[in-house]
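# Quick one: sequence and predicted model below, then my questions.
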Amino acid sequence: MRMIFEKVEYIYNQNTPFEKHVLKDINFRINDGETVFILGNTGSGKTTLLYLLDFLIKPTSGKIWIDDFRDPYENPYEYRKKIGFSFQFPERQFFSEKVRDEIYFSIKNFEVENPKMRFKEVVNFFDLNEYLDRSPFQLSGGEQRRIAIASAVAHNPDILILDEPTVGLDRKNEKKIIQYLKKWNDDARKTLIIVTHDFEKFVDFKGIVYELNEGILRKRGVKH
Ligand SMILES: Nc1ncnc2c1ncn2[C@@H]1O[C@H](COP(=O)(O)OP(=O)(O)OP(=O)(O)O)[C@@H](O)[C@H]1O
């Protein structure tokens, strides 16, 4: 699923005293299998750009296209099914009382084949057995991050979008998650989109690096 941004602008609270022009004339495309890093200072618009990539918000002006000519907002569910999204602040993405349901949700919602097997696979890989009956809201930042990433990948999406995936993780889990993401990076069919302030932790990754600066997106280079 190729994603194309054409002259995309995003303004919060337009025509109010709190108006904030966050994204300016964004033109880029993300092809199947690519890894894309989006860097930039605090408040430069990175999270807003990711919300657009998951069709959670609509551009104030400009267009987002899927595979050249399809409008994702006509049927966002259909396209979102192919995407896994882990938020910068995991508690903003959680909505279940138990970790078990949080992880099971996308497996069920997106009708994954062999749901029980997939659930076990994800829980075992991310080492989450001990948390299954606990509330995701009452866990540490690092534990929440693991659950957020596990939930994002549970339905085996084609595109994985991660906002600050390494924040809060201890060294052991950070290593494990980076290794896991490297497999996505190496998989020619899987697209990986990462916003990070810890770019040096992705030293072995290939990909296209963009930088957002006051809402303007520039290509910084390609990592080989
Ligand atoms: N819901 C909102 N209403 C109004 N302004 C907002 C809203 N969300 C974000 N903003 C503002 O838009 C700008 C961009 O925010 P965004 O979260 O996209 O930046 P960011 O690059 O992800 O920052 P950080 O690195 O700190 O996470 C910021 O100035 C922020 O204050």
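Arrived safely.
# biggest helix in this protein by residues?
Across the chain, the longest stretch assigned as helix under DSSP state H is helix 171-186.
# Using PDB, write out every CA atom in whichever helix or strand comes after it.
As assigned by DSSP states H and E, the chain's next helix or strand after helix 171-186 is strand 191-195. In PDB, the C-alpha atoms belonging to strand 191-195 read as follows (Å, rounded to 0.1, in the frame of the first residue of the first chain):
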ATOM      1  CA  THR A 191       6.800  -0.800   5.600                       C
ATOM      2  CA  LEU A 192       8.200   0.700   8.700                       C
ATOM      3  CA  ILE A 193       7.700   4.400   9.700                       C
ATOM      4  CA  ILE A 194       9.500   5.500  12.800                       C
ATOM      5  CA  VAL A 195       9.500   8.900  14.700                       C
END
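# strands paired with strand 191-195, and their directions?
Strand pairing for strand 191-195, using DSSP bridges, gives strand 35-40 (parallel), strand 159-163 (parallel).
# Output those strands in CSV; the columns should cover mean pLDDT, mean neighbour count and distance to residue 128.
From N, CA and C alone the C-beta is placed, and that goes for glycine too. Below are those laid out as CSV (pLDDT from 0 to 100; neighbours: other Cβ atoms under 10 Å; distance: least, Cβ to Cβ, whole Å):
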stretch, mean pLDDT, mean neighbour count, distance to residue 128
strand 35-40, 98, 21, 25
strand 159-163, 98, 24, 17
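# Redo those strands as CSV? Include distance to residue 23.
As requested, the strands paired with strand 191-195 are arranged in CSV below (distance: least, Cβ to Cβ, whole Å):
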stretch, distance to residue 23
strand 35-40, 11
strand 159-163, 15
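# could I get these as TSV with distance to the ligand?
As requested, the strands paired with strand 191-195 are arranged in TSV below (distance: least, Cβ to the nearest ligand atom, whole Å):
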stretch	distance to the ligand
strand 35-40	5
strand 159-163	7
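# Which among the ones you listed is found nearest to residue 134?
Nearest to residue 134 among those is strand 159-163; the distance by Cβ to Cβ comes to 23.0 Å.
# outside of that closest one, which residues touch it?
The contact list for strand 159-163 (Cβ atoms under 8 Å, 6 or more residues apart in numbering) reads 1, 3, 46-47, 50, 53-54, 82-88, 149, 152-153, 181, 184, 190-195.
# Buried subset of these as a PyMOL selection?
To isolate the buried ones among these in PyMOL, judged by 16 or more other Cβ atoms under 10 Å, type:
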select buried, resi 1+3+46+47+50+53+54+83+84+85+86+87+88+149+152+153+181+184+190+191+192+193+194+195
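# center of this protein - which residue?
Nearest to the mean C-alpha position of the chain, counting by Cα atoms, centre = their mean, stands residue 161 at 2.0 Å.
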